[in-house]
Structures are given as C-alpha cells and as structure tokens.
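Student: attaching a predicted model along with its sequence, questions to come.
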Amino acid sequence: MNLSKFIQSELETINTAQITKWLEDKSLSKRDYKRLIEDFKAIVIMEQAGFYEQADARFMQWKNLPLPAEIYRYRLAIAGKIGGKRLIRKRFSTFPAAVQNHPQLKPWKKNLHSNPLWLGGIVVAGLFVIGVTQFDFSEEATPKKVSEQTNVEQKLASLEKEVEQLKQKNEKLATSEAKKTETQKPKADQSKEKETEEPQASTKDPKQALKEAVSSVQSKEYETANQLLTGNVLTNKETAGMARFYKLIAAGKLKETKQSDYMAYRNDFPESGYMSDVLWMQAVYEQKNKVGNYKTTLQELAKQPDNEWSYAAKAILEGKSTLGD
C-alpha cells in the first residue's frame, strides 16, 4: 500500500468517537484533559471537512500529556494530508520515544522507508523531549534515561489497556442493543413495513437520539446519524440547534443537502455557536456544486468572531489560500 492510500486508510479506521470517550473519562480525574475534549471535537470536524492545516495547527497547541497511540496515528495522517512524507517525519520526530517505538506506529515507520540513522536520530530527540517537557527531573536524575524510558512505556501500556477496556465495553453494549432490537421486531409483515417507513429516531428520546447521532458522526457512520436525526430531535427546543447542525454534516457527507438547507439553519439559529462551521460548509457546497456565490458566503464568514474558519475565509479572499474540494 502506498503512502497516500495508507494515510486515507488510517483516517477511515481510527475511531475518533472512542478517542473522545477516552478523553472525557480521563478529564473526570485530571483537569488538563478537559480542554482537549472540545479541542479534539473541533479537530475531527476540520479533518472531515478537509481543512487539514487548521486541524494540524490545533494539535500543535496541545500540552505533552500521556495519550493513546491512536491519537498520534491520527496526527500523522492529518499531517500527511498537508505535507506528505516530509511533514510526517517532522511530526514523528517530536513524539516521545515510547510512542515512536509503539507497535501501532510500526506501519508508519515502514511507510516512511526511513533509514537506520534517521530512526536513531529521532529516538534521541524523543528522549530529549520526554526528559525536558513531560517530566521534571533534577540534574542528578538526568543519567537515568533507561529507567525514565521504562516508566514512560509502562504509562503508555496502561493507557492502551484503558482504551482496550473501553472498546470491550462498547462491543458488549452494541451486542446487547442488537439483541434487544432483535427481540422487539414485529412479527406481522405489515408492522415490518411500517417500521421501515418510520425512522428509528421517531421512537427515541430526543436527547438520546442526538447523543447517538453525534457519536455516529464522529465514527463516520453518516447513514446511521442521518437516520437518527429525524422527527422530534429536530423540533425539540433543547436539541434542535445541535441536531440540525449534525444533520447538515451527516447529510452533506451523503450528498443529500441543498444550499437552502444551510441558509435555513442560519435563519432559524442566528445566534448558533456553529454559525462559522455552517457558513464554511455552505461555501464548500456552493463552490463544489457551482451554486450561488461562495465568495459572498466567505465574506460573511470572515466577519465572524476570530476562529479557524474566519481566518481561513480571510486567507482565501486575500488570495493566500484556496478553498479546494
């Protein structure tokens, strides 16, 4: 598999919903992880919208905290979308040595076709990063690099166990839900037809339907999310704004949106915190489908409070960047 295909494969297989869940659980006991939750959700939206430079920049602001290997793989895949092998090597060289030598990162080493001298160099650099930024060692402790490395590897192994436990819990929940659904299937053919016609969300509590839909979008299960985001969840006062935003993402990925869908959202939720995201999606839709004037939409986006999307809109309007596909 060539590098570009491998990068795409990583983006499609890495479970961003699982990573979000891990960050949420971790934030309950460690405050440093709380800021990363919303940050990571924003990164996922940027990656899915194809705005890789902004996603990579967000990652660069993160503190050196212990993280699962999946996050490092995700960072490399995003970097690869921007600058190919060269930028991947640059990002890889900043990772702690324990991460560079983690089994999950081996395919990346293989795809980079790195020579032994380069690999040796980044391991040394990784040890330096760990010693200086992740731990507060005294001068007397500096020679103990082997014990430091062991300590980091043990912590990383512990993190991986947490991720695996979460995966097992999710699998059990999914199995249990599947069995429950199977037992509730109507026996009459007429009932089956009626159930098929009515979306699953119509029988769910709006808040629960929204929660499941958000998780499905983060897992890139857009058809499931689109099906969940119907009925009451789109009209309930407590869920409508967020539900219709994620509906735009899911339906957009399935190519089932129209320009009017984005405009309707903006009219119905003028104070929405997602306004910049919606304007960006509308501009992308207009350019890709040659509908309306995407530059006019970008001009509106540029007037929004400073954020990644408004910066990007200004850069495009000034000719410093392009919207792309």
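Tutor: Nice, thanks for sending it over.

Student: only C-alpha atoms from now on, for both contacts and neighbour counts.
Tutor: OK.

Student: so where's the stretch 51-200 of the chain uncertain?
Tutor: Low-confidence segments of the stretch 51-200 of the chain (pLDDT under 70): 113-200.

Student: swap the cut-off to 90 and go again
Tutor: 51-55, 57-58, 60-66, 83-84, 93-101, 109-200 (pLDDT under 90).

Student: secondary structure element holding the most centrally placed residue in the chain?
Tutor: The residue lying closest to the centre of the chain (CA atoms, centre = their mean) is Val44, at 2.4 Å. Element membership of Val44 [criterion: DSSP states H and E] is helix 34-49.

Student: contact partners of that helix?
Tutor: 16, 20, 23-24, 27, 52, 54-56, 58-59, 62, 78, 218, 281 (CA atoms under 8 Å, 6 or more residues apart in numbering).

Student: and if we set it to 6 Å?
Tutor: 27, 55 (CA atoms under 6 Å, 6 or more residues apart in numbering).

Student: any idea of the mean pLDDT for that helix?
Tutor: Confidence for helix 34-49, expressed as mean pLDDT, is 86.

Student: contacts only, for the closest residue to Gln218 other than its chain neighbours.
Tutor: Once flanking residues are discounted, Gln218 sits nearest to Ala17: 5.1 Å by CA to CA, 6 or more residues apart in numbering. Going by CA under 6 Å, 6+ apart, Ala17 touches 215, 218-219.

Student: most neighbours among the residues you listed, please name it.
Tutor: Within those, Gln218 tops the neighbour count with 22 neighbours, counted by other CA atoms under 10 Å.

Student: confidence score at that one?
Tutor: Looking at Gln218, its pLDDT stands at 83.

Student: picking up where we left off before, narrow the contacts of Ala17 to those in helices?
Tutor: Mapping those onto helices (DSSP state H) picks out 215, 218.

Student: adding distance to Lys288, write the contacts of Ala17 out as a markdown table.
Tutor: Shown next, in a markdown table, are the contacts of Ala17 (distance: CA to CA, whole Å):
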| residue | distance to Lys288 |
| --- | --- |
| Ser215 | 27 |
| Gln218 | 23 |
| Ser219 | 24 |
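
Student: looking at the contacts of Ala17, which is nearest Thr235?
Tutor: If you rank the contacts of Ala17 by distance to Thr235 using CA to CA, Ser215 comes first, at 19.8 Å.

Student: what about the residue nearest to that closest one when sequence neighbours are not counted, which helix or strand?
Tutor: Spatial nearest neighbour of Ser215, excluding adjacent residues (CA to CA, 6+ apart): Ala17 at 5.9 Å. Using DSSP H and E, the element containing Ala17 is helix 16-27.

Student: now the angle between helix 34-49 and that helix, please.
Tutor: The directions of helix 16-27 and helix 34-49 differ by 170 degrees, with axes from the mean of the first three to the mean of the last three CA atoms, to 10 degrees as the criterion.

Student: just the C-alpha atoms of helix 16-27, please, in CSV.
Tutor: These are the backbone C-alpha positions of helix 16-27, laid out as CSV (Å, rounded to 0.1, in the frame of the first residue of the first chain):
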residue,chain,number,x,y,z
THR,A,16,-12.4,9.2,16.8
ALA,A,17,-15.6,8.6,18.9
GLN,A,18,-13.6,6.2,21.0
ILE,A,19,-10.8,8.7,21.5
THR,A,20,-13.4,11.4,22.5
LYS,A,21,-14.8,8.9,25.1
TRP,A,22,-11.3,8.2,26.5
LEU,A,23,-10.6,12.0,26.8
GLU,A,24,-14.0,12.5,28.6
ASP,A,25,-13.3,9.7,31.1
LYS,A,26,-9.7,11.0,31.7
SER,A,27,-11.0,14.5,32.3
